[in-house]
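S.K.: next comes the sequence, and after it the predicted model I'd like to discuss.
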Amino acid sequence: MSVLDLARPEIRSLQPYSSARMEADGGQIMLNANESAWEPVGDGGLGCNRYPDPQPAALLQALAQLYGVSREQLFVGRGSDEAIDLLVRAFCRAGQDAILIQPPTFGMYAVSARIQNATVIETPLKPDFSVDVQALLDSVMPAVKLVFLCTPNNPSGKSIPREDIQHLARQLTGKALLVVDEAYVEFSDQRSVADLINRYDNLAVLRTLSKAWALAGARVGSLLAHADVIALIRRIMPPYPLPLPCVAAALVELSPSGQAVARENIAIVREQRAIMRSALSRVPGVREVLPSDANFLAVRFDDAGTVYQRLLQAGIVVRDIRRYPQLGDALRITMGTPEENARVLTVLNEGRA
Ligand SMILES: *Cc1c(COP(=O)(O)O)cnc(C)c1O
């Protein structure tokens, strides 16, 4: 059995859109795509009068190297949000199929599923925010085509042990695609499971440049999976998903000097996370600071609503996560610069003086 047997049959047989850029490339005089022959004002040599490469070779190369996979195992699109959407569309038949998630978790899995009219099945995280592996497997009925795991999880910050992911990939072989969202893995001690895609054809990994790589505004995210899954996703991607200026920004960030700066900032975030966790634990009115492997802390307060408002009045915006199950008393605080974080502590401590 091929992992593609899990995909929608009409997507497997779809004749994809063939763009001018795909059909012919590399000539000197390009008159095949109805583009302007003149560069736009202020282009700076980017060549934005031309449609971009749908999957730019240099960016694929840089990301494949960064993530330790081959270019055939990597799709790059407009953030991992786009990859989530394309996966749901490729694997879930509207009104028939389902995805499985573990709340409290990232909201886009359910949103993408609802847009596709796929059912959302939930197996809640345990009280310590770990995945209930057996309950998850017990919930996998034939309609479930995608199982999403988020590690480190947003908004709890907890990682899923590699052995659990491996066990799930094995148990779900031939049944469902296991999609592991590693948006925050750069901040964790635990390494990526990207290498495991060579062992399990039903394992997919989501990575992004939006968090540790400081490029949320450029929208560059990747899906790592078996080459057959990647080829399928490329059949349904928008014709030109990646704007030239965004590709250029990503290549600068992934250059040796760009990577050096990013790694320094990751180290600062990890250090700040430890400092803030212990400092916040001592703030009156704080019930608990959840341990986190990501670049944020989920913090329980006696009165989260009042704390949220007080921070807002001081010009500090944090995320109110009280709507999530098990987090009815919590706010999520992203790690900023050391100065920004110190200001958070000052405001929180002042309120109780
Ligand atoms: C932020 C986030 C994303 C979105 O990443 P983009 O690449 O910016 O689309 C994906 N998954 C999780 C868990 C996130 O927190």
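M.R.: In hand now; what should we look at?

S.K.: pull out the buried residues from the strand or helix carrying Val180.
M.R.: Element membership for Val180 (DSSP states H and E) is strand 177-181. With burial defined by 16 or more other C-beta atoms under 10 Å, the residues of strand 177-181 counted as buried are Leu177, Leu178, Val179, Val180, Asp181. Placement of C-beta: from N, CA and C, glycine included.

S.K.: and the pLDDT at Gln61?
M.R.: Note on Gln61: pLDDT of 98.

S.K.: residues in contact with the nearest residue to it once chain neighbours are set aside?
M.R.: By the measure of C-beta to C-beta, 6 or more residues apart in numbering, the closest residue to Gln61 outside its immediate chain neighbours is Arg71, 6.5 Å from it. Listed by C-beta atoms under 8 Å, 6 or more residues apart in numbering, the contact partners of Arg71 are Ala57, Leu60, Gln61, Ala64.

S.K.: will you turn these into TSV that also has neighbour count?
M.R.: Below are those laid out as TSV (neighbours: other C-beta atoms under 10 Å):
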residue	neighbour count
Ala57	9
Leu60	18
Gln61	14
Ala64	18
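
S.K.: strands along the stretch 51-200 of the chain, start to end?
M.R.: For the stretch 51-200 of the chain, applying DSSP state E, counting those that start in this stretch gives strands covering 74-77, 98-101, 119-122, 144-150, 177-181.

S.K.: ok, which of these comes nearest Leu311?
M.R.: Closest approach to Leu311 among those is made by strand 144-150 (25.6 Å; C-beta to C-beta).

S.K.: from the contact counts, what lies against that closest one?
M.R.: Packed against strand 144-150, as judged by 3 or more C-beta pairs under 8 Å, 6 or more residues apart in numbering; DSSP states H and E, are the following elements: helix 79-91, strand 98-101, helix 162-172, strand 177-181.

S.K.: ok, the shortest one: who's next to it in the sheet?
M.R.: According to DSSP bridges, strand 98-101 forms sheet pairs with strand 119-122 (parallel), strand 144-150 (parallel).

S.K.: quick one: closest of those strands to the ligand.
M.R.: strand 144-150 (4.9 Å; C-beta to the nearest ligand atom).

S.K.: check the offset of the closest one from the chain's centre.
M.R.: In terms of C-alpha atoms, centre = their mean, to the nearest Å, the centre of strand 144-150 is set 14 Å apart from its chain centre.

S.K.: send the alpha carbons of it over as CSV?
M.R.: Extracted in CSV, the C-alpha atoms of strand 144-150 (Å, rounded to 0.1, in the frame of the first residue of the first chain):
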residue,chain,number,x,y,z
VAL,A,144,-9.5,9.9,10.0
LYS,A,145,-7.0,10.8,7.3
LEU,A,146,-4.7,13.2,9.2
VAL,A,147,-3.5,13.2,12.8
PHE,A,148,-1.9,16.4,13.9
LEU,A,149,0.7,16.6,16.7
CYS,A,150,2.1,19.9,17.8
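
S.K.: residues in contact with that strand?
M.R.: Identification of contacts with strand 144-150 by C-beta under 8 Å, 6+ apart yields 6-7, 84, 87-88, 91-92, 97-102, 105-106, 109, 118, 121, 131, 136, 140, 160, 165, 168, 172, 175-181, 183.
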